[in-house]
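> quick check, what structure comes out for this input:
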Amino acid sequence: MPRFSESTVREVRFRNHIEDVISQYVQLKRAGSNLVGLCPFHSEKSPSFTVFSKSDSFYCFGCGAGGDVISFIRRAEALEYPEAIEFLAKRAGITIAYDEEDKERASQRERILAMNKEAARFFRDCLFDEKLGRAGLDYLVNKRGLSLATIRHFGLGFAPNSFNMLTDHMHRRGYTDEELVVGFLCGKSRNSGRTYDYFRNRVIFPIIDTSGNIVAFGGRVMDDSKPKYLNTSDTPAFKKSRHLFALNFAKKHCEEQMLLCEGYMDVIALHAAGFENAVATLGTAITSEQARIMSRYASKVY
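Numbering: from 1, shown residues only. Here you go, the predicted structure:
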């Protein structure tokens, strides 16, 4: 976990005025020396959410949520404390000074996020390639009944039935075998030491965090072969226990209720049918971290 100096945290708070930050999420109105609005963390018709300008804090008299600007961003964006600091620092144009170990870790995370973005483009282009993606598109559209609009909305893709097509593509973009292995985009043979594409002949589901970063992928076979799903393991940019599929969309539609599904396709089908408050765990039993994240957005989970 990155370590921030007290001066860095003070600057982040100072440069992110609480009124300016919260007004991007809540329509605020002046009430004397304070500001009030409808709470973004629970459903209400009369405003009980108050921003106290003098103390740079907020409090909801309806649900009890409160704190400073960092606390607000943690709830609003479902972020852990270090991620909230980085989010606000980026918003204010603040360069965070890490120690050497943290600096290397942050650099590696940014590299993996850029790598995932490029891989997602590759998978998407393959899906819509007339020859390469025919099987994937047929599965998603004809067998699972998804519209092209839904497919594009979730950024779905297709991994060709090849051991090196993605790896070769990523090499051309300047990524090394070592980076691809760390990012879980390719594996390495124990016998030959050669790398190979981790996802092959599968439809691909990008996993996107609440800041819009592609942090991981899930891949599903199109028949009854096993394993049915392959998922990215933990990387410097991704901890499976701390993410929920489609929360980047669902966070805007939860109000007080959230639907927790078993898998990607269940969530996508519900969103396509208008239930945009649906999320899913990522192939694991529900974790305490995921439960805490859901509690930030909804008081009731079905």
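
> distance check, Ala272 against Gly283.
To Gly283, Ala272 is 21 Å away according to C-beta to C-beta, to the nearest Å. Placement of C-beta: from N, CA and C, glycine included.

> with Phe205 instead?
11 Å.

> so for those two, which residue has more residues nearby?
Taking other C-beta atoms under 10 Å, Phe205 and Gly283 do not tie; Phe205 has more neighbours (27 against 17).

> for that one, what is the enclosing helix or strand?
Element membership for Phe205 (DSSP states H and E) is strand 202-208.

> show me the shaky parts of the chain.
Low-confidence segments of the chain (pLDDT under 70): 1-3, 97-103.

> where do the helices sit along it?
Secondary structure of the chain (DSSP state H): helices located at 6-15, 18-22, 69-77, 81-92, 100-127, 134-138, 148-153, 165-172, 177-182, 247-250, 264-272, 288-297.

> dump the ones you listed into CSV; add distance to Ser211 as well.
Shown next, in CSV, are the helices of the chain (distance: least, C-beta to C-beta, whole Å):
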stretch, distance to Ser211
helix 6-15, 16
helix 18-22, 14
helix 69-77, 6
helix 81-92, 6
helix 100-127, 10
helix 134-138, 28
helix 148-153, 18
helix 165-172, 23
helix 177-182, 21
helix 247-250, 8
helix 264-272, 19
helix 288-297, 14
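
> before we move on, the earlier item: what's the overlap in contacts for Phe205 and Gly283?
Counting by C-beta atoms under 8 Å, 6 or more residues apart in numbering, the residues touching both Phe205 and Gly283 are Gly218.

> end to end, how far does stretch 23-41 reach?
14 Å (C-alpha to C-alpha, to the nearest Å).

> before we move on, what about stretch 238-245?
Note: stretch 238-245 ends 12 Å apart using C-alpha to C-alpha.

> list the buried residues in it.
For stretch 238-245, burial by neighbour count (16 or more other C-beta atoms under 10 Å) applies to Phe238, Lys240, Arg242, His243, Leu244, Phe245.
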